[in-house]
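1. what follows is a protein structure lacking sequence information:
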């Protein structure tokens, strides 16, 4: 008999999860609000589509009990995380605690946990709509972000009081709860750490260096793995990442942890996304390590685990066509001339002002035995 998997969310971002589960001959049940067309992308892909909003956790639970599902999961969607945990917890399925996941998806509440558990973090405070935040003793520049948004939306750097007030107003307007977190800016290399947890043990699958757009907004322009940092710093990053996951009581599944490491080797936890990272992180991991990250994530939700051995085999990079990276399009247009390019796509016909990751218009992915990058002087990808 086929295993039954509940997938919380029906947007395009969930489609790779549905396809992989079906490839694994798992019966897929997708839950999503039907009144918005973008939420129904998976309607024709999943075996069953249930028109229930991902926020209606009680309704989804009752339907999952009726179906007798064997596991519940989601990817790349912060708002699905608590519902996944709620269903799993109430059905005795593999998962994380609902109460912990409510904290994990809130940038301020998560930061409080990090402080309590001794996770290295920048100086921070909470700002609420209609109230003046207490930033006495804070040093500029500051970073302002909505507590409850993702994909770099509303993340703004402020160098002066005027810029701070403008950034704060923008972040509070974007926040669903009317709250923002204010942090002292940490300079250094920004990285993503992809982990998979099983029974509270955290396995690091990849460390990825990021290239982001210049302040005041921070849109991700490129990812490269394995990371360029030293083995000594890799070890420090792994320690801090596991401390952060333990602080949030992460027990199961994929997590995307964002950190910064300064020139003198100090590691600062920026945030933990208690779900699989976006930007096709699952493909980048598979290309670089040979491990099917998506399959492992699905199996964990169904209660199956095989201890992984993580070995990097290849250098992988993903570059985006967007403002400031116009050169990327010529690589995409001439991808057949580059044997290391394994995937490339134009997703939008023109460039847009960069406010969040959704404003990018195309990408390419390379796979090589060495790190590749754009040589601006010679106008070549080498």
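-> Happy to help now that I have it. Only a predicted model underlies this, so the values are computations on that prediction, with no experimental measurement involved.
2. tell me how far the lengthiest strand in the chain lies from the chain's centre.
-> Secondary structure of the chain per DSSP state E: the longest strand is strand 201-212. Averaging C-alpha positions (CA atoms, centre = their mean, to the nearest Å) puts strand 201-212 11 Å from its chain's average.
3. and stretch 33-44, by the same measure?
-> What separates the centre of stretch 33-44 from the centre of its chain is 22 Å, taken as CA atoms, centre = their mean.
4. also stretch 211-221?
-> On CA atoms, centre = their mean, the centre of stretch 211-221 falls 16 Å from the chain's centre.
5. kindly report the same for stretch 98-112.
-> 15 Å.
6. how far away is residue 199 from residue 273?
-> Going from residue 199 to residue 273 by CB to CB, to the nearest Å gives 21 Å. From N, CA and C alone the C-beta is placed, and that goes for glycine too.
7. which one's more surrounded, the two?
-> Shown here are residue 199 and residue 273; by other CB atoms under 10 Å, residue 273 has more neighbours (20 against 9).
8. correct me if wrong: the more buried one contacts residue 79.
-> No - using CB atoms under 8 Å, residue 273 is not in contact with residue 79; the gap is 11.9 Å.
9. so, low pLDDT: which residues of the stretch 151-300 of the chain?
-> Low-confidence segments of the stretch 151-300 of the chain, defined by pLDDT under 70: 151.
10. next, the angle from the lengthiest helix in the chain to strand 201-212.
-> Identified as the longest helix of the chain according to DSSP state H is helix 231-247. Put simply, helix 231-247 runs at 120 degrees to strand 201-212, going by axes from the mean of the first three to the mean of the last three CA atoms, to 10 degrees.
11. and helix 231-247, what's buried?
-> Neighbour-count burial for helix 231-247 flags 233-234, 236-238, 240-247 (criterion: 16 or more other CB atoms under 10 Å).
12. so what secondary structure elements neighbour that helix?
-> helix 107-116, strand 189-198, strand 201-212, strand 253-261, strand 267-273 (3 or more CB pairs under 8 Å, 6 or more residues apart in numbering; DSSP states H and E).
13. using the three-state scheme, assign residue 138.
-> Here residue 138 is coil, with the state taken from DSSP: H, G, I helix; E, B strand; the rest coil.
14. can you get me a residue count around it?
-> As a burial measure, residue 138 scores 17 neighbours (other CB under 10 Å).
15. with residue 336 instead?
-> With other CB under 10 Å as criterion, residue 336 counts 8.
16. now swap in the one 10 residues further on and tell me
-> Using other CB under 10 Å, the number of residues around residue 346 comes to 15.
17. the residue nearest to it when sequence neighbours are not counted and residue 138: what is the separation?
-> Computed as CB to CB, 6 or more residues apart in numbering, the closest residue to residue 346 that is not its neighbour in sequence is residue 362, at 4.2 Å. Remark: distance between residue 362 and residue 138 (CB to CB) = 38 Å.
18. residues touching the residue most central in space within the chain, list them.
-> In the chain, the residue lying closest to the centroid (CA atoms, centre = their mean) is residue 277, at 2.9 Å. Neighbouring residues of residue 277 by CB atoms under 8 Å, 6 or more residues apart in numbering: 76, 192, 194, 254, 256.
19. check residue 145 too.
-> 107, 154, 155, 156, 171, 180, 181, 183.
20. surely it is within a helix?
-> No - applying three-state DSSP, one finds residue 145 to be strand, outside a helix.
21. stretch 174-190: how far from the chain's middle?
-> Distance of stretch 174-190 from the chain centroid (CA atoms, centre = their mean) equals 16 Å.
22. next one: stretch 223-230
-> Here stretch 223-230 shows a centroid-to-chain-centroid distance of 17 Å under the convention CA atoms, centre = their mean.
23. same check on stretch 306-325?
-> Between the centre of stretch 306-325 and the centre of its chain there are 14 Å (CA atoms, centre = their mean).
24. mind listing what's buried in it?
-> Under the neighbour-count criterion of 16+ other CB under 10 Å, stretch 306-325 has 312, 314, 315, 316, 317, 318, 319, 320, 321, 322, 325 buried.
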